[in-house]
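> here is my input, please return the structure:
(one chain, ligands or ions: 1)
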Amino acid sequence: MTMPIETLKAPPANRRRWGTRGTAAATIAARLTYENVSHDYSGVASIRDVSLDVAPGEVLCLLGHSGCGKTTLLRIAAGVERQSRGRVLINELEVGGPQQFLPPEKRGVGLMFQDYALFPHLSIVENVMFGLTTLPKDIARREALGALARVGLEGYAEDYPHALSGGEQQRVALARAIAPRPGVLLMDEPFSGLDRRLRDSVRDETLSVLRETRATCILVTHDPEEAMRMGDRIALMRRGRIAQLGTADELYNRPSDLFVARFFSELNELEGSSHDGHVETVFGKHPAPGVKAGDTVEVSLRPQGVLLGEPGEGRPGRVIARRFVGEVDLIDLAVDGIEHQIKARIRDGGRFAVGMDVGVRVDDRDVLVFRRDEDSDDAS
Ligand SMILES: Nc1ncnc2c1ncn2[C@@H]1O[C@H](COP(=O)(O)OP(=O)(O)OP(=O)(O)O)[C@@H](O)[C@H]1O
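Below you'll find the predicted structure:
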């Protein structure tokens, strides 16, 4: 399509900037609680007995593969979906459950969706005023302009959504979500429509707006890095349940099972024998607190924990393939005593040419040991 030349002119520099930090209107953060919530769609379970307490002002990331129930859990808190069992409470008041069911507009909950859901026929400021219908019009307009100023777009108040880039529309959607000062803000994949280059700065600015508003926030994402950057805690979901709840550090360094570990990193599988307090692999002994001799164990090795050196420095190995992927090289290795190839992520890996003999050691912090659980598998 040919665009008229005047619509192609570059945006003024200040249009790319967000507003002044510290100027977003603060809210009274609320506590959001799910109590044994389950949900079925036509008899098929999508949420299974989820209990979760989100503290006032906390940013909690709901993380998981497609179809694991993240959006459904969000919709249940918003009141746009009615759960089959269990209760949702805001500040200890039942807002969805057997006693009462409050509609979305009565819950003090703000929503922000992946597609931003701006109304094309309303101007930017009218879009932001949309959730402020209980206020007199002049006050609603002032609040909306204040929220737009915080995201750096007050100069575009009278424009229409189609004139804005995807990143700017995202900022309008954020302004609209915070303008009514919700106690709880629910965000469904709010950055997924943005290109990678823009995403990092938009995430940081959004987080800073969230901190200023002090709203309690649940943010849905399928991207582990995003969850680690944004969340005070992460709830990793699997098939309608919470697989693990904790800080990024806890989930990454102390994953409760292989599913959680695999979500955050590619893994090499190793044969290992169990002993009291440690396991033994071709790379030697690795600490494994809680493991007893004779336990059936699954041993995995993160590619970033593979250390390469001169032949003789560790287990004999050979470089089979190498690919430079930016910050690291991905190296496939044949290692003496292991039938399958081992993957390594190596900084400055250019010195390891294909065919070269190397010595292979491992960093024990990247050796993960799980006692085998008969029910465990890796599906979402
Ligand atoms: N309106 C619906 N009717 C029937 N089944 C549904 C409906 N909405 C969701 N489901 C099913 O419920 C399960 C959970 O869906 P949900 O959208 O909550 O997952 P999700 O983790 O948000 O996935 P995605 O990341 O792809 O959005 C899926 O199996 C999905 O097919």
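> from now on I want contacts and neighbour counts done on CA atoms only, so please keep to that.
Will do.
> ok, and for stretch 113-130, which residues are buried?
Judged by neighbour count using 16 or more other C-alpha atoms under 10 Å, the buried positions of stretch 113-130 are 113-116, 118, 122-130.
> no, scratch that, I was asking about stretch 220-230
220-224, 226-228, 230.
> report the mean confidence score over it.
For stretch 220-230, mean pLDDT is 95.
> got the contact list for it?
With contact meaning C-alpha atoms under 8 Å, 6 or more residues apart in numbering, stretch 220-230 is reached by 59, 61-66, 70-71, 187-190, 203, 207, 234, 248, 263-264.
> compute the number of surrounding residues for Leu102.
A count of neighbours around Leu102, defined by other C-alpha atoms under 10 Å, yields 14.
> meant to ask about Arg48, not that
There are 18 residues near Arg48, going by other C-alpha under 10 Å.
> quick one: secondary structure of it?
Assigned with DSSP: H, G, I helix; E, B strand; the rest coil, Arg48 falls in the strand class.
> what residues are up against it?
So, once contact is read as C-alpha under 8 Å, 6+ apart, Arg48 ends up touching 36-39, 240-241.
> ok, now how distant is the closest residue to it other than its chain neighbours from the ligand?
Nearest residue to Arg48 in three dimensions, chain neighbours excluded: Ser38, at 4.6 Å (C-alpha to C-alpha, 6 or more residues apart in numbering). Distance, Ser38 to the ligand, using C-alpha to the nearest ligand atom, to the nearest Å: 11 Å.
> Ser38 is in what secondary structure piece?
Using DSSP states H and E, Ser38 sits in strand 32-41.
> quick one: mean pLDDT for that strand?
Strand 32-41 comes out at a mean pLDDT of 96.
> find the closest residue to the ligand in the stretch 201-350 of the chain.
Proximity to the ligand, evaluated over the stretch 201-350 of the chain using C-alpha to the nearest ligand atom, is greatest for His222 at 6.3 Å.
> and the gap between that residue and Arg365?
Noted for His222: a distance of 25 Å to Arg365, by C-alpha to C-alpha, to the nearest Å.
> repeat that for Arg87.
Distance, Arg87 to Arg365, using C-alpha to C-alpha: 40 Å.
> which one's more surrounded, the two?
Legend: neighbour count by other C-alpha under 10 Å for Arg87 and Arg365, higher for Arg87 (26 against 12).
> name the nearest residue to the more buried one, ignoring sequence neighbours.
Gly97 (4.4 Å).
> can you check Glu158 too?
Using C-alpha to C-alpha, 6+ apart, the closest residue to Glu158 is Ser123 (5.4 Å).
> torsion angles phi and psi at that neighbour?
phi -70, psi 170 (degrees, to the nearest 10).
> wait, doesn't it sit right on Ala163?
No. If you go by C-alpha atoms under 8 Å, Ser123 and Ala163 don't touch, sitting 10.2 Å apart.
> sorry, back to before: can the buried residues of stretch 220-230 go into CSV with extra columns for secondary structure?
Output for those, formatted as CSV (three-state DSSP):
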residue, secondary structure
Val220, strand
Thr221, strand
His222, coil
Asp223, coil
Pro224, helix
Glu226, helix
Ala227, helix
Met228, helix
Met230, helix
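> and the helices in the stretch 251-380 of the chain?
258-264 (DSSP state H, counting those that start in this stretch).
> would you map the strands across it?
268-270, 273-275, 278-281, 284-287, 297-301, 306-309, 315-324, 329-335, 342-346, 357-362, 367-371 (DSSP state E, counting those that start in this stretch).
> so which of those strands comes closest to Val109?
strand 367-371 (39.8 Å; C-alpha to C-alpha).
> angle of the closest one against strand 297-301?
Calculated by axes from the mean of the first three to the mean of the last three C-alpha atoms, to 10 degrees, strand 367-371 forms an angle of 160 degrees with strand 297-301.
> please save the CA atoms from strand 367-371 in PDB.
Extracted in PDB, the C-alpha atoms of strand 367-371 (Å, rounded to 0.1, in the frame of the first residue of the first chain):
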ATOM      1  CA  VAL A 367      24.000 -30.000  37.900                       C
ATOM      2  CA  LEU A 368      20.400 -30.600  38.900                       C
ATOM      3  CA  VAL A 369      19.300 -33.700  40.600                       C
ATOM      4  CA  PHE A 370      15.700 -34.800  41.100                       C
ATOM      5  CA  ARG A 371      14.400 -38.000  42.700                       C
END
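> show residues contacting that strand.
Contacts for strand 367-371 (C-alpha under 8 Å, 6+ apart): 257-258, 279, 286, 288, 291, 295-302, 305.
> next one: stretch 98-106
For stretch 98-106, contacts defined as C-alpha under 8 Å, 6+ apart pick out 78-80, 86-87, 94-96.
> next, the buried residues of that stretch.
For stretch 98-106, burial by neighbour count (16+ other C-alpha under 10 Å) applies to 101, 104.
> likewise for stretch 201-219?
Across stretch 201-219, burial judged by 16+ other C-alpha under 10 Å covers 202-203, 205-207, 209-219.
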